[in-house]
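1. All I have is the shape, not the residue letters:
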Ligand code: MN
């Protein structure tokens, strides 16, 4: 027996320093997880529990490929983020066990059609067209936690055309990675291959065709993406 339509390939990321691949399932994203970014978006960072949205795994844009400016938007923003790569499935994971479920880490961009996201927000409609569009998740290679450990602090920054536009420290995450995994696993059964984009610091802004985005997280990795 065969498939009656074309079977879509499993999206993958390279694993740093190896010839191996990390197969990607879903892409979970945390909203407003740095206080400075929550404030710049007009929200109170102190009182909000973490909330989540999804991009399909097929939205992944592995490193080395260009980001095509998407249709239907005139205000596409970068959001540079630490990404946790889930290696073990589970539900109701305890905060103190959460790191055991992580295979490794990457750095990624939660590309956003800000105009469509804000319009949806205003009309109390879903964010999908603003967040989950094709190739909206550029991502670096995955670095195994067995090699780099579990990053808890250190600089995170993004440069647009050589100018530093986002700059913060992982220690200023409102909800840290174990807390995110614990919360997320109450809502979804996590599976190996899920990625979790952990939120962006302040300084989000628009991109134009021709831009070069270069992001770096100390001890994790870096990512360069050209907007075309
Ligand atoms: Mn984001």
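-> On my side now, so go ahead. Just so it is clear, the structure is predicted and the values come from calculations on it, not from any experiment. Numbers count the residues shown, from 1 in each chain.
2. only C-alpha atoms for contact and neighbour calcs from this point on.
-> Fine.
3. can you pull the buried residues of the worst-scoring helix or strand of the chain on mean pLDDT?
-> Within the chain, confidence by mean pLDDT, DSSP states H and E is lowest for helix 35-40 among all helices and strands, at a mean of 84. Neighbour-count burial for helix 35-40 flags 35, 36, 37, 38 (criterion: 16 or more other Cα atoms under 10 Å).
4. cool, and stretch 102-112?
-> 102, 103, 104, 105, 106, 107, 108, 109, 110, 111, 112.
5. how about the residues of the protein near the ion?
-> Residues of the chain lying near the ion by Cα under 5 Å from the ion: 110, 199.
6. do that again at 8 Å, thanks
-> Neighbours of the ion within the chain, by Cα under 8 Å from the ion: 29-32, 79-81, 109-112, 197-200.
7. Narrow these to those in strands?
-> Of the positions in these, 29, 30, 31, 80, 81, 109, 112, 197 sit in strands, assigned by DSSP state E.
8. Nearest to the ion: which residue in the protein?
-> Across the chain, the shortest distance to the ion (Cα to the ion) belongs to residue 199, at 4.6 Å.
9. tally of neighbours for that residue?
-> 24 (other Cα atoms under 10 Å).
10. Please apply the same query to the one 5 residues further on.
-> Counted with other Cα under 10 Å, residues neighbouring residue 204 total 18.
11. Residue 1 now?
-> Residue 1 has 3 nearby residues by other Cα under 10 Å.
12. The most centrally placed residue in the chain and residue 181: what is the separation?
-> By Cα atoms, centre = their mean, the chain has its centre lying nearest to residue 197, at 2.9 Å. Applying Cα to Cα, to the nearest Å, the value for residue 197 to residue 181 is 11 Å.
13. List the beta-bridge partners for the residue nearest to the centre of the chain.
-> Beta bridges link residue 197 to residue 29, residue 83 when assigned by DSSP bridges.
14. And for residue 112?
-> For residue 112, the beta-bridge partners are residue 77 (DSSP bridges).
15. What of residue 138?
-> Following DSSP bridges, residue 138 is listed with bridge partners residue 61.
16. what sits against it?
-> Applying Cα atoms under 8 Å, 6 or more residues apart in numbering to residue 138 gives the contacts 60, 61, 62, 63, 67, 108, 109, 110, 111, 225.
17. repeat for residue 223
-> Applying Cα under 8 Å, 6+ apart, we find residue 223 in contact with 63, 107, 108, 139, 140, 213, 214, 215, 216.
18. Any idea what it is bridged to?
-> Residue 223 has these beta-bridge partners by DSSP bridges: residue 215.
19. any idea how far residue 183 is from it?
-> Taking Cα to Cα, one finds residue 223 at 28 Å from residue 183.
20. repeat for residue 60
-> Look at residue 60 and residue 183: by Cα to Cα, they are 23 Å apart.
21. Quick one: the helices in this protein, in order.
-> Applying DSSP state H to the chain gives helices spanning 35-40, 114-122, 128-131, 145-148, 177-187.
22. Identify each buried residue in the longest one, please.
-> To tie it back to what came earlier, the one meant is helix 177-187. 177, 178, 179, 180, 181, 182, 183, 184, 185.
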